[in-house]
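Engineer: take this sequence and fold it.
(2 chains, ligands or ions: 2)
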Amino acid sequence: MMGFDFVLYEQDYDQIQQVLHRLKEGANAQMVFLIDRNGSMVAFQGDTENIDTTSFASLAAGNVAATESLARLLGEREFNVLYHEGAGQNIHMSLISQRVILVVIFSNKSALGLVRLRVKQAANELERIFTSLMEKLERDRELIGASLNQFAEITDEDIDALFGGPESERDRGRPR
Amino acid sequence: MVFINYAAREINVKIVYYGPGLGGKTTNLQYIYERTSPDQKGKLISLATETERTLFFDFLPLDLGTVKGFRIRFHLYTVPGQVFYDASRKLILKGADGVVFVADSQRERMDANIESLNNLKVNLRENGLDIRTIPYVLQLNKRDLPSAVPVEEMLRVLHVKGEPVFEAVATRGIGVFETLKTIARLVLQELKKTTHAMG
Ligand SMILES: Nc1nc2c(ncn2[C@@H]2O[C@H](COP(=O)(O)OP(=O)(O)OP(=O)(O)O)[C@@H](O)[C@H]2O)c(=O)[nH]1
Ligand SMILES: [Mg+2]
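Structural biologist: Residues are numbered from 1 along each chain as shown, chains lettered A, B, ... in the order given. Ligands and ions are numbered 1, 2, ... in the order given. A predicted model of the protein is given here:
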């Protein structure tokens, strides 16, 4: 099914940020990301200046998707947690509500046990947030639909503007 | 499954380039990457074999500006075209908002085109999507090659539903941005249509 499967409002966003912030502090982590299953970044906490968060999100989603398929090949319903250990940094990923991926990046200043514990707490809170978010979306479908009506009037000019105008020298194709 | 972030007034759109192996999907993304200014693009990520065949996917994020007050982020993906990577193709199609089918115009690749198109239909269905309703563009690539099949003949077997068609030479960029623009427009228009249908 197409459509706005997932709409995030200010209020939910703030709540999510608070949970991520607490997780980052509590787990003594460097960064915490929340990523949707299709590879879009939902929210993050920490110093992400030296990391390409967009690429990271898409690769993490690919990683989780591949791992899930591996699990299914083995007859497991799912692997809930993915853990990658590096020399200086480690990545802990878990799937929440079958919908979003929680990623914690931590150095050897923290410890896996602590991260696991804090992730579990954060996961419970995030699950609550997402459950109520989905209920709200179900209730407000019509309202949200109305607010997107503006996209009905999207014109060729709007699209051209995105791509740098109709005369763009990049366009050298032959439409039929 | 467009992800709309009202908090950031941002819309994330996933577009998947599908088609037979060596058809030119990765080349499309490479050209788009080369011709997009640095502030509008992220890294082009290619999970490829040593011989530059796509192994899992290519990924290119584009951030071209705003439409109606929303920042639109396009996430372009290619699938691996080689037949035996079917499990990966299925994964990448998940949550696609639009599909570009890159067909290889060479006569000897016509069977591969047909097989790939059928595979697309099946994999869309398995992801709860439908080729008849998803925004869809057909690109006839490699028009520069001597064994290119006449367009009319290709359309007879590959045209599914009156979708827009572009002739392309992806290595030279011909038709690449037209294809992208058109799928982008179809996806953004669909956003409104489906919200209505579901409202
Ligand atoms: N002559 C010609 N060659 C092309 C064209 N487009 C792509 N190629 C070449 O075809 C080969 C395969 O292109 P790719 O873009 O890697 O193909 P792909 O569809 O990504 O292939 P897989 O990753 O295996 O699915 C490369 O050598 C390209 O340079 C074209 O329009 N004309
Ligand atoms: Mg490729």
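
Engineer: can you tell me the centre-most residue of chain A?
Structural biologist: Nearest to the mean C-alpha position of chain A, by C-alpha atoms, centre = their mean, lies residue A:35 at 1.5 Å.

Engineer: isn't there a strand covering residue A:32?
Structural biologist: Yes. Counting by DSSP: H, G, I helix; E, B strand; the rest coil, residue A:32 is found in a strand.

Engineer: from ligand 1, how far out is the residue nearest to the centre of chain A?
Structural biologist: Counting by C-beta to the nearest ligand atom, to the nearest Å, the gap between residue A:35 and ligand 1 amounts to 25 Å. Quick note: C-beta positions are derived from backbone N, CA and C, even for glycine.

Engineer: tell me the contacts of that residue?
Structural biologist: Listed by C-beta atoms under 8 Å, 6 or more residues apart in numbering or on different chains, the contact set of residue A:35 reads A:41, A:42, A:57, A:60, A:61, A:100, A:101, A:103.

Engineer: from those, pick the one nearest residue B:139.
Structural biologist: Of all those, the one with the least separation from residue B:139 (C-beta to C-beta) is residue A:61, at 25.6 Å.

Engineer: what about the closest one, distance to residue A:33?
Structural biologist: Using C-beta to C-beta, to the nearest Å, we find residue A:61 at a distance of 11 Å from residue A:33.

Engineer: can I get the buried part of the contacts of residue A:35 as one ChimeraX selection?
Structural biologist: Burial among the contacts of residue A:35 is assessed by 16 or more other C-beta atoms under 10 Å in any protein chain shown; the matching ChimeraX selection reads:
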select /A:41,42,57,60,61,100,101,103
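
Engineer: the strand ranked longest in chain B packs against which elements?
Structural biologist: Longest strand in chain B, counting residues (DSSP state E): strand B:54-67. Judged by 3 or more C-beta pairs under 8 Å, 6 or more residues apart in numbering or on different chains; DSSP states H and E, strand B:54-67 is in contact with helix A:53-73, helix A:156-162, helix B:25-34, strand B:45-48, strand B:70-78, helix B:86-93.

Engineer: would that strand count as contacting ligand 1?
Structural biologist: Yes. With C-beta under 6 Å from any ligand atom as the measure, strand B:54-67 is seen reaching ligand 1 through residue B:54.

Engineer: buried residues, that strand. List them.
Structural biologist: B:54, B:55, B:56, B:57, B:58, B:59, B:60, B:61, B:62, B:63, B:64, B:67.

Engineer: find residues that contact each of residue A:61 and residue A:33.
Structural biologist: With contacts defined as C-beta under 8 Å, 6+ apart, the residues shared by residue A:61 and residue A:33 are residue A:101.

Engineer: what ranges do the strands span in chain A?
Structural biologist: In chain A, the strands defined using DSSP E lie at A:6-8, A:31-36, A:41-46, A:81-85, A:89-96, A:100-107, A:174-175.

Engineer: next one: chain B
Structural biologist: Under DSSP E, chain B gives strands at B:3-5, B:10-18, B:45-48, B:54-67, B:70-78, B:98-104, B:136-141, B:165-167.

Engineer: using PDB, list the CA coordinates for the third one.
Structural biologist: Once non-C-alpha atoms are left out, strand B:45-48 reads as follows in PDB (Å, rounded to 0.1, in the frame of the first residue of the first chain):
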ATOM      1  CA  ILE B  45      27.300   4.200  -2.100                       C
ATOM      2  CA  SER B  46      27.900   1.100  -4.200                       C
ATOM      3  CA  LEU B  47      27.900  -2.400  -2.700                       C
ATOM      4  CA  ALA B  48      29.400  -4.100  -5.600                       C
END
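
Engineer: pLDDT on it, on average?
Structural biologist: For strand B:45-48, the mean pLDDT works out to 88.

Engineer: same deal with the last one?
Structural biologist: In this model, strand B:165-167 has an average pLDDT of 98.

Engineer: who are the packing partners of it?
Structural biologist: If you count contacts as 3+ C-beta pairs under 8 Å, 6+ apart, strand B:165-167 packs onto strand A:174-175, strand B:136-141, helix B:151-158, helix B:176-198.
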